[in-house]
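Engineer: Pasting a predicted model and its sequence here:
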Amino acid sequence: MRFEAHPLGVEAVAYSPLGDTFASGGFDNNAALWNASDGQLLYQFVEHFAEVESVAFSPDGRGLIVASGDESLSLWDVNSGELLRKFNGHSHQVEDVVFSPDGELIISTSQDNTVIIWQVITGVPIVTLTEHTNRVDSVDISSDSRLIVSGAADSTIRVWGIPNE
């Protein structure tokens, strides 16, 4: 199956944990939600002013977080297409984003050399991790939500404990 998506190129894709949809993000500054079985475009999420770098679904499949080159993240309801919250705190392009397995946290990385742990419900940063000395390109979280691993252009991988809220 082939999908015509973002006219300037696709930068990010992610499957819903339910498997019935997937999301994409592109150099056209938009994210999109697609029906995985027939390719129907369900929603186009238009909020950002720079390319979409990363997309990730919440563990329950109801939320989609979009990371952008415009230094922000946006959280969308995939059932209604409604913008739920904006996350602002990075000072440069956001590179990667993931949800914690319990869906309570979002972790983002940026070209500002930081990793930010956000509380989903409030949109407030819990902590900003600043040990990398170059852009942080990737992040993931352990299945027990206790540890984060990040990789950066400074040639390091760092493992971080999640602070108690």
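Structural biologist: Done, it's in.
Engineer: any weak-confidence spans in the chain?
Structural biologist: Filtered on pLDDT under 70, the chain yields the residue ranges 165.
Engineer: Wait, residue 69 touches residue 27, no?
Structural biologist: No. Judged on C-beta atoms under 8 Å, residue 69 makes no contact with residue 27 at a distance of 9.1 Å. The C-beta positions use only the backbone N, C-alpha and C, and glycine is treated the same way.
Engineer: residues shared between the contacts of those two?
Structural biologist: 51, 52 (C-beta atoms under 8 Å, 6 or more residues apart in numbering).
Engineer: name the element the most centrally placed residue in the chain belongs to?
Structural biologist: The chain has residue 97 as the residue nearest its centroid, 3.2 Å off, counting by C-alpha atoms, centre = their mean. Take DSSP states H and E as the rule and residue 97 turns out to sit in strand 94-99.
Engineer: The very next helix or strand once past that strand pairs with which strands?
Structural biologist: Per DSSP H and E, the first helix or strand lying C-terminal to strand 94-99 is strand 105-110. For strand 105-110, the pairing partners within the sheet under DSSP bridges are strand 94-99 (antiparallel), strand 115-119 (antiparallel).
Engineer: circling back to that earlier point, more neighbours: which of residue 69 and residue 27?
Structural biologist: residue 69 (20 against 16; other C-beta atoms under 10 Å).
Engineer: Return the distance of the helix or strand encompassing residue 66 from the chain's centre.
Structural biologist: Taking DSSP H and E as the definition, residue 66 sits inside strand 63-68. In terms of C-alpha atoms, centre = their mean, to the nearest Å, the centre of strand 63-68 is set 4 Å apart from its chain centre.
Engineer: now swap in stretch 37-47 and tell me
Structural biologist: 17 Å.
Engineer: List the contacts of it.
Structural biologist: 1, 3, 20-21, 29-35, 64, 66, 74, 76, 78, 81, 83, 86.
Engineer: returning to what we had before: which stretch among the strands paired with strand 105-110 approaches residue 138 most closely?
Structural biologist: strand 94-99 (5.0 Å; C-beta to C-beta).
Engineer: how far off strand 63-68 does the closest one point, in degrees?
Structural biologist: Orientation check (axes from the mean of the first three to the mean of the last three C-alpha atoms, to 10 degrees): strand 94-99 against strand 63-68 gives 170 degrees.
Engineer: I'd like to check which residues are in contact with the residue nearest to the centre of the chain.
Structural biologist: Neighbours of residue 97 in contact, by C-beta under 8 Å, 6+ apart: 54, 55, 56, 65, 66, 67, 73, 106, 107, 108, 109, 139.
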